[in-house]
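Undergrad: just a sequence and a predicted model for now, questions to come.
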Amino acid sequence: MIIVAALVLVATLVATGLVLKYLQRNAIFDRPNERSSHTGLIPRGGGLAVMAVIITAWAIVAPPWEQFDIATVLLAALLLACISWVDDLQSLPPWTRLLAQAAAVVPALVWLAHKPPIFQGLLPGSLDIALGGLIWLWFINLFNFMDGIDGITGVESTAISMGIAFIAVQYPAFSIDPLLPATIAAAMIGFLWWNWHPAKIFLGDVGSVPLGFILGWLLLNLASDGYWAAALILPLYYLTDATITLLRRAARGERVWEAHREHYYQRAVQGGRGHAAVSIGVGVCNSVLLGLAAISLAWPWEALGLSIIAVFAFLFWLSR
């Protein structure tokens, strides 16, 4: 695992540098506007490198007994990367993006339907998988919404992936090979070299959308295998920040799909905290969540309660 992770990290470092030159040469920039958290022209599309490395790594390290379902996930992620790259270059209508995400989620759900229920048998089979698909779609979009300042998605992705890898190593009965989340963590650490404040390159939708899709698949597998509390705890900060912000905007009658600067982390930057300080704060919060996810394997409800307290304490810190 260490050797594979090291190779993936170096590959991402090199590939991102090459993609950066391509984006600069072709003037593919994220141009700041009133909703941006940056002021300069920053190349957007680092996800081209990140997803190329992750998809290649997964295709190589996938265990033989998982090759068919992982192939489905990788093809779906590739579809999302292509659609999202077009969206990065010329904004697509929201319904086009949502249809592409649904087209990616549905075939991947077929494999999850053959596994234990996501909601631990509390719902009928068809409702279990349908609700799991809706939550997956929401997770893909919130992951994209939350990618708004330097380093934040790199930190979040690394933490979630490391948590899943830890559970996969400690509990071999878990259906996911630990190499899969480990490669994501390594790739995002490599990308953070370029994306840490002041960022030289942004991930773009081409990275955040398929990355949210793959992480969502891993988390649903985690819940299906009985580790439902850990599946909730690991992404709990992103889930909470994005969901509260969406509900607030919906209550005011705003178009929730449009770009904005109302997430807690964005308001913290506007209030004077730097990008690096907020991303470090996210890392600290996620470190606590990682520990509580490990505790949840023995005491799920207690760990989930403490995680909720930890996340709201962090939101309070961001609000000040």
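TA: The structure has been received and is ready for your questions.
Undergrad: in the stretch 1-150 of the chain, what spans have low per-residue confidence?
TA: 33-36 (pLDDT under 70).
Undergrad: mind redoing it with 80?
TA: 32-39 (pLDDT under 80).
Undergrad: in it, which spans are strands?
TA: 29-30, 42-43 (DSSP state E, counting those that start in this stretch).
Undergrad: Lys115 is nearest to which of these?
TA: When those are compared by Cβ to Cβ, strand 29-30 sits nearest Lys115, at 38.6 Å. In this view, the C-beta of every residue, glycine as well, is placed from N, C-alpha and C.
Undergrad: tell me what that closest one is packed against?
TA: If you count contacts as 3 or more Cβ pairs under 8 Å, 6 or more residues apart in numbering; DSSP states H and E, strand 29-30 packs onto strand 42-43.
Undergrad: hmm, back to that, deepest of the strands of the stretch 1-150 of the chain, which one?
TA: strand 42-43 (a mean of 22; mean count of other Cβ atoms under 10 Å).
Undergrad: distance-wise, check the residue nearest the centre of the chain relative to Arg249.
TA: Per Cα atoms, centre = their mean, the C-alpha nearest to the average position across the chain is that of Gly212, at 3.7 Å. Using Cβ to Cβ, to the nearest Å, Gly212 is found at 19 Å from Arg249.
Undergrad: for Met1, same thing?
TA: 41 Å.
Undergrad: so Ile83 sits against Leu99, correct?
TA: No. Between Ile83 and Leu99 there is no contact under Cβ atoms under 8 Å: 9.1 Å.
Undergrad: between these two, which is the more surrounded one?
TA: Ile83 (22 against 13; other Cβ atoms under 10 Å).
Undergrad: mind checking the SS state of Gly226?
TA: coil (DSSP: H, G, I helix; E, B strand; the rest coil).
Undergrad: give the contact list for the closest residue to Ala100 other than its chain neighbours.
TA: Spatial nearest neighbour of Ala100, chain neighbours left out: Ile83 (4.2 Å); criterion: Cβ to Cβ, 6 or more residues apart in numbering. Contacts for Ile83 (Cβ atoms under 8 Å, 6 or more residues apart in numbering) come out as Leu92, Thr96, Arg97, Ala100, Val209.
Undergrad: mind redoing it with 10 Å?
TA: Ile83 sits next to Leu92, Thr96, Arg97, Leu99, Ala100, Gln101, Ala103, Ala104, Asp205, Val206, Val209, Pro210 when contact means Cβ atoms under 10 Å, 6 or more residues apart in numbering.
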